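In: No sequence on hand, only this structure:
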């Protein structure tokens, strides 16, 4: 297999092309019941995920429990993703913590064949704009791979901060998880031509139309991790402007899912894994400090999932 170019302009082009074709896939990481990494199961799960042709795949990020992986496990997950993807779509690996540790993970991802890196919010502390810019600059100095910054939690960029990180040659985009559309509109208007923006809100489909109005139509889909049919149906409706289909999917599937997700901290990942297990996907349990849902929530999740899958057929018939 010929490895695709990781030059920033080439990766940017591949990501932009992919974003126009499909959702951004953030796969779950498979663990055995005893908590150990199950790489064979992960390969099988990811192979099934990629049959729905997502625009790009982001292994070992938030949904993939990056913070629960040690360096050897991280290397194995990224390498397996590159192997399964076979160059068909960009592989953007998560990195994080402070810049020194982020550079260690960046080197591992680079050696494993990743195309680019998503810089997850740093650990715990709030920081001024100078520090956020320096954090990215130091990470960029330690890897040749293109970087996508992720503003969420303690990370929020001002217009000036955005302009400064965009001047770092290998920083190619920004993923937003704050959902402050006033601020985001200012950022998109201030960014240089070609700079990429991603909707990274939790259950991003809920706000996908609003994000699209400020020039950010691309989004990450946690639903794609367990029900690609539903994720792709919503993506198609968004791209064609089919408001009735979007309204039906949101009202009868996404909103009930979000209401269930919001009951317990960590359900943004553990509920997604539980839904994948309900579908027979080999992902296993979550790792502590996350906890798997209890029987009552699993039963409610099963109904929400069944309703969502039934909706896909109805939406397709209507379309």
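Out: Here it is on my side, so go on. This is a predicted model, so every value here is computed, not measured. Residues are numbered from 1 along each chain as shown.
In: List the residues that contact the residue nearest to residue 159 when sequence neighbours are not counted.
Out: Nearest non-adjacent residue to residue 159, counting by C-beta to C-beta, 6 or more residues apart in numbering: residue 190, 4.6 Å away. (Each C-beta comes from the backbone N, C-alpha and C, glycine too.) Taking C-beta atoms under 8 Å, 6 or more residues apart in numbering as the contact definition, residue 190 lies against 159, 162, 163.
In: The first one and residue 184 touch, don't they?
Out: Same thing as residue 159. No. In this structure, residue 159 is not within contact of residue 184 by C-beta atoms under 8 Å, at 10.8 Å.
In: For the two, indicate the residue with more neighbours.
Out: A count of neighbours by other C-beta atoms under 10 Å puts residue 184 above the other of residue 159 and residue 184, at 21 against 13.
In: Hmm, that one is touching residue 216, no?
Out: Yes. Between residue 184 and residue 216 there is a contact under C-beta under 8 Å: 6.6 Å.
In: shared neighbours of these two, which are they?
Out: Joint contacts of residue 184 and residue 216 (C-beta under 8 Å, 6+ apart) are 176, 197.
In: Helices of the stretch 51-200 of the chain, residue ranges please.
Out: If DSSP state H, counting those that start in this stretch is used as the criterion, the helices of the stretch 51-200 of the chain fall at 71-85, 99-112, 129-141, 159-166, 181-190.
In: would you list those in JSON lines and tack on distance to residue 248 and mean pLDDT?
Out: Shown next, in JSON lines, are the helices of the stretch 51-200 of the chain (distance: least, C-beta to C-beta, whole Å; pLDDT from 0 to 100):
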{"stretch": "helix 71-85", "distance to residue 248": "32", "mean pLDDT": "98"}
{"stretch": "helix 99-112", "distance to residue 248": "39", "mean pLDDT": "98"}
{"stretch": "helix 129-141", "distance to residue 248": "40", "mean pLDDT": "98"}
{"stretch": "helix 159-166", "distance to residue 248": "36", "mean pLDDT": "98"}
{"stretch": "helix 181-190", "distance to residue 248": "24", "mean pLDDT": "98"}
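In: Format the ones you listed as a markdown table; extra columns: distance to residue 22.
Out: What follows is the helices of the stretch 51-200 of the chain, written out as a markdown table (distance: least, C-beta to C-beta, whole Å):
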| stretch | distance to residue 22 |
| --- | --- |
| helix 71-85 | 13 |
| helix 99-112 | 22 |
| helix 129-141 | 27 |
| helix 159-166 | 26 |
| helix 181-190 | 22 |
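In: Helices along the stretch 201-319 of the chain, start to end?
Out: So, for the stretch 201-319 of the chain - with DSSP H, counting those that start in this stretch - the helices run 208-213, 228-240, 243-249, 255-261, 267-278, 295-318.
In: Which one of those helices lies nearest to residue 200?
Out: Closest to residue 200 of those, according to C-beta to C-beta: helix 208-213, at 9.6 Å.
In: Contacts made by the closest one with the rest, please.
Out: By C-beta under 8 Å, 6+ apart, the surrounding residues in contact with helix 208-213 are 176, 181, 184, 199, 201, 204, 217, 219, 234, 238, 246.
In: Please list all residues in contact with residue 219.
Out: By C-beta under 8 Å, 6+ apart, residue 219 lies in contact with 23, 24, 198, 199, 200, 201, 204, 205, 208, 211.
In: any idea how far residue 180 is from it?
Out: 16 Å (C-beta to C-beta, to the nearest Å).
In: Check residue 210 too.
Out: 11 Å.
In: where does the chain dip in pLDDT?
Out: Scanning the chain for pLDDT under 70 picks out 1-2, 316-319.
In: How many neighbouring residues does residue 48 have?
Out: 15.
In: wait, I meant residue 100
Out: 10.
In: which ones are touching the residue nearest to it when sequence neighbours are not counted?
Out: Counting by C-beta to C-beta, 6+ apart, residue 138 is the residue found nearest to residue 100 once chain neighbours are left out, at 8.0 Å. Counting by C-beta under 8 Å, 6+ apart, residue 138 makes contact with 99, 100, 103.
In: burial measure for the last one, as a count.
Out: It stands for residue 103. 18.
In: Give the closest residue to it in space, chain neighbours not counted.
Out: Closest residue to residue 103 apart from its sequence neighbours, by C-beta to C-beta, 6+ apart: residue 142 at 3.4 Å.
In: show me the contacts for the one you found.
Out: 99, 102, 103, 106, 107.
In: Look up the closest residue to the last one, ignoring the ones flanking it.
Out: Yep, that's residue 107 we're talking about. Spatial nearest neighbour of residue 107, excluding adjacent residues (C-beta to C-beta, 6+ apart): residue 143 at 6.5 Å.
In: how much space is there between the residue lying closest to residue 266 once chain neighbours are set aside and residue 215?
Out: Nearest residue to residue 266 in three dimensions, chain neighbours excluded: residue 290, at 4.4 Å (C-beta to C-beta, 6+ apart). Residue 290 sits 34 Å away from residue 215, going by C-beta to C-beta.
In: Give me the more crowded residue out of the two.
Out: Neighbour count, other C-beta under 10 Å: between residue 290 and residue 215, residue 290 has more, with 18 against 13.
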